[in-house]
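> Please find the sequence and the predicted model below.
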Amino acid sequence: MKNAIRLILIGIILFTIGSCEEDNIDPTPEVQHVMIDKIDIPYIPFQNEDGDDWDSAFDPKPDVYIKITKDTAVNLPDSLVLLDKRSANYSEVSQGDLPLSWSLVNPYEVKDWNMPFYVQVFDRDAVTEDDFMGLAGSFRIDNIIDDQPESTTITSGELQVEIFWIYEE
Ligand SMILES: [Ca+2]
Ligand SMILES: [Ca+2]
């Protein structure tokens, strides 16, 4: 009888330990960090809204770069620009060069998941002010966090932008 009680007690203790351990294992670790790994531009407008080339006769094709911004306005202060790839522009882009692609050596973490952000595309100019080619957005981490897609594509007119994500626990 004593042995039986002892076995039951041991059983209860083992069961309790087992339950505790189970509670400690999180079956789906939650993503804590979402980063931008790469930005692709599969399509750009090859003419401006007047139907003209982006540049003059000698180098008519666009010299494309991107900015990631917190707003849709074109000339934003630095505080509203998350990422500026002006120094990494593509020169004289033609159809065969697409998609353009910017891989980030240091993936950019978007800390505010509720914040809408945009990808603005420009033609880099030497003498005159850079030409604004268009923007795609808004992107928002809250919109993707449930599905955690590998990438998100937004098309806006003749412009298409694809952002590739990294998720970390
Ligand atoms: Ca231009
Ligand atoms: Ca050009």
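Perfect, thanks for sending it. Numbers count the residues shown, from 1 in each chain. Ligands and ions are numbered 1, 2, ... in the order given.
> hmm, who's touching the host helix or strand of Gln160?
Under the criterion of DSSP states H and E, Gln160 resides in strand 159-168. Contacts of strand 159-168 from elsewhere in the structure, counted by CB atoms under 8 Å, 6 or more residues apart in numbering, are 31-45, 66, 99, 107, 119, 121, 133-137, 139, 144, 148-155. Every C-beta, even on glycine, is put in place using the N, C-alpha and C of the backbone.
> and this protein, which residues reach ligand 1?
54-55, 123, 125, 131 (CB under 5 Å from the ion).
> Give me the subset of these lying in helices.
Among the residues of the chain next to ligand 1, no residue falls in helices (DSSP state H).
> What's the ChimeraX line that selects buried ones from these?
Once 16 or more other CB atoms under 10 Å is used to decide burial, the buried members of the residues of the chain next to ligand 1 can be selected in ChimeraX as follows:
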select :54,55,123,131
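> just checking: which of the residues of the chain next to ligand 1 also lie near ligand 2?
Within the residues of the chain next to ligand 1, those near ligand 2 by CB under 5 Å from the ion are Asp55.
> Ligand 2: which of the residues of the chain next to ligand 1 is nearest?
Asp55 (3.7 Å; CB to the ion).
> residues contacting the closest one?
So Asp55 contacts 61-63, 123, 125 (CB under 8 Å, 6+ apart).
> With Leu76 instead?
Contacts of Leu76 by CB under 8 Å, 6+ apart are 67, 69-70.
> Where does it sit: helix, strand or coil?
For Leu76, the secondary structure call by DSSP: H, G, I helix; E, B strand; the rest coil comes out as coil.
> C-terminal to the lowest-mean-pLDDT helix or strand in the chain, which secondary structure element comes first?
Sorting the helices and strands of the chain by mean pLDDT, DSSP states H and E puts helix 2-24 at the bottom, at a mean of 60. Using DSSP H and E, the helix or strand that follows helix 2-24 in sequence is strand 33-43.
> Pull up the pairing partners for that following strand, direction included.
Strand 33-43 pairs in its sheet with strand 100-109 (antiparallel), strand 159-168 (antiparallel), by DSSP bridges.
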